[in-house]
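A.B. asks: fold the following, please.
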Amino acid sequence: MGVEYRPLVSADAAARRALFQLSFPETRDQSAGSQAHYAWKFRGYPDDPPAHEFAGDDDSMLVAYYAALPFPYRIDGVAHTAAMVCDVMTHPDWRGRGLFTGIGGYATGALAERGLAFATGYPVRPEVLPGHLKVGWKIVQRMPVWLRPLRTRGLLPKRLAFIAPLLDPWVRLAQWRGGFASGYEVRTMAADVFLGDSGPSRDYAEFLQRWSSSVPNALAKDRDFLRWRLGAPGTEYQVALLYHAGRLVGMAIARATELRGISCLALLDVMIEPEGLRGAARLHHALAVMARAAGLDGVACMAHRRWARRYRFAAAGYLPTPAVFSLIVKKLDPALPDASLYSDDRWHVFWLDSDDL
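C.D. replies: Numbers count the residues shown, from 1 in each chain. Predicted coordinates:
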């Protein structure tokens with residue numbers, strides 16, 4: 001009879017979890033593989049419904065799964081709800097049978113019927129792109145992962161780790177940039193303090209309004225969204241706020257993690273309004289101090305080269321790595337102009353826009 005596609009229902013919970021463990025065995029002992037993480041991600045999102053989930057059955061056996069979170073975006077200043085696609089899975093024994101494109105076509109058709117304007121995805125493996133392109137996705141941006149090395153021990157082969165103390169002073173010297181612009185300061189705090197009732201929420205709301213007006217396409221990351229996004233179980237996020245003359249002009253959101261064996265302070269988001277760009281060096285310096293205090297080997301960030309230039313990555317010592325993510329987009333609402341969705345210079349995208357980290 002072949003595979004049949006349908007919306008996921010609550011009775012599928014055990015089968016979905018078993019398929020997840022088969023598809024992502026590396027998460028078995030991690031928070032991302034827990035039931036608490038699933039409940040936060042797919043049941044805690046502040047929208048109705050909090051998630052869109054779809055299943056593919058072969059003779060009543062769950063063999064494919066596709067999910068999307070309803071992320072809020074402003075496209076050319078207009079509010080839209082996008083489907084941020086994540087956790088796409090096919091059973092290992094059913095791969096090579098077209099399930100990836102089959103469930104992708106079914107799910108995005110259903111998302112369009114439910115009124116979502118477009119879908120986004122962030123694949124890093126090039127082998128999955130043809131399956132997306134077959135069902136109408138387009139590659140909009142390619143975003144390298146940038147790394148600012150702070151210590152060399154984690155970057156060297158184990159047999160050469162003993163020379164790290166000799167190399168580290170040279171790494172620091174190579175990254176030294178004096179001449180911070182005057183009038184700038186950085187305040188760092190835990191994300192829950194930043195988002196708390198007594199945190200600088202009014203500063204952030206006013207900053208976000210100003211910053212959003214300078215970016216055509218961006219995630220609408222208000223405080224409610226950030227409370228959910230930075231509330232994943234088993235994670236701790238930090239916020240660095242850049243002030244100039246007492247006004248918030250930029251910020252970064254970060255967490256400690258390990259990327260391909262390198263301990264990093266991963267930047268989920270960086271935002272600096274045009275009037276604050278002269279203070280970018282001070283923000284990067286504060287992030288490096290934060291990483292060193294945690295004993296991490298570097299600072300990492302996924303960003304399009306345009307934003308890496310705008311936010312002064314090279315001057316701060318960031319280098320592009322071979323890891324490259326793609327922003328892929330599929331238009332679901334025919335009324336949206338192609339020029340708004342498919343121009344790479346319109347998008348401000350960082351890890352915060354995805355479900356990574």
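A.B. asks: quick check: buried residues in stretch 289-309?
C.D. replies: Judged by neighbour count using 16 or more other C-beta atoms under 10 Å, the buried positions of stretch 289-309 are 290-292, 296-304, 307-308. For the C-beta atoms, the positions are set from N, CA and C on the backbone; glycine is no exception.
A.B. asks: and it, how far out from the chain middle?
C.D. replies: From the chain centre to the centre of stretch 289-309 is a distance of 14 Å (C-alpha atoms, centre = their mean, to the nearest Å).
A.B. asks: just flag the most distant two among the buried residues of stretch 289-309.
C.D. replies: Arg292 and His304 (26.9 Å; C-beta to C-beta).
A.B. asks: what about the nearest residue to Leu265 once chain neighbours are set aside, which SS state?
C.D. replies: Counting by C-beta to C-beta, 6 or more residues apart in numbering, Leu265 lies nearest to Ala291, which is 3.8 Å off, once chain neighbours are set aside. At Ala291, secondary structure determined by DSSP: H, G, I helix; E, B strand; the rest coil is helix.
A.B. asks: helix or strand right after the helix or strand hosting Ser340?
C.D. replies: If you go by DSSP states H and E, Ser340 is part of helix 338-341. Next helix or strand after helix 338-341 toward the C-terminus (DSSP H and E): strand 347-348.
A.B. asks: which phi and psi does Phe100 have?
C.D. replies: Dihedral pair for Phe100: phi -60, psi -50, per degrees, to the nearest 10.
A.B. asks: ok, now which ones touch it?
C.D. replies: Ala64, Val88, Thr90, Val128, Gly131 (C-beta atoms under 8 Å, 6 or more residues apart in numbering).
A.B. asks: same thing but 7 Å
C.D. replies: If you count contacts by C-beta atoms under 7 Å, 6 or more residues apart in numbering, Phe100 has them with Thr90, Gly131.
A.B. asks: all strands of this structure, in order?
C.D. replies: With DSSP state E as the criterion, the chain has strands at 4-7, 52-58, 61-75, 78-90, 118-121, 138-149, 184-190, 217-219, 238-244, 247-259, 262-272, 298-302, 319-331, 347-348.
A.B. asks: not counting sequence-adjacent ones, nearest residue to Pro92?
C.D. replies: Counting by C-beta to C-beta, 6+ apart, Pro92 lies nearest to Leu22, which is 6.0 Å off, once chain neighbours are set aside.
A.B. asks: center of this structure - which residue?
C.D. replies: In the chain, the centroid-proximal residue (C-alpha atoms, centre = their mean) is Trp351; its distance is 1.9 Å.
A.B. asks: thought Ala300 was touching that one, still the case?
C.D. replies: No. If you go by C-beta atoms under 7 Å, Trp351 and Ala300 don't touch, sitting 9.3 Å apart.
A.B. asks: list the residues that contact both of those two?
C.D. replies: The contact sets of Trp351 and Ala300 overlap at Ala266 (C-beta under 7 Å, 6+ apart).
A.B. asks: ok, the closest residue to Phe194 other than its chain neighbours - contacts?
C.D. replies: Of all residues not flanking Phe194 in the chain, Val239 sits nearest, at 4.4 Å (C-beta to C-beta, 6+ apart). Neighbouring residues of Val239 by C-beta under 7 Å, 6+ apart: Thr188, Met189, Ala191, Phe194, Met251, Ile253.
A.B. asks: redo that, cut-off 10 Å
C.D. replies: By C-beta atoms under 10 Å, 6 or more residues apart in numbering, the contact list for Val239 reads 187-195, 199-200, 204, 226, 230, 251-254, 269.
A.B. asks: and the buried ones among those, selectable in ChimeraX?
C.D. replies: To isolate the buried members of the contacts of Val239 in ChimeraX, using 16+ other C-beta under 10 Å:
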select :188,191,194,195,199,200,204,226,230,251,252,253,254,269
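A.B. asks: just checking, the residue nearest to Leu265 touches Leu147?
C.D. replies: No. Judged on C-beta atoms under 10 Å, Ala291 makes no contact with Leu147 at a distance of 11.2 Å.
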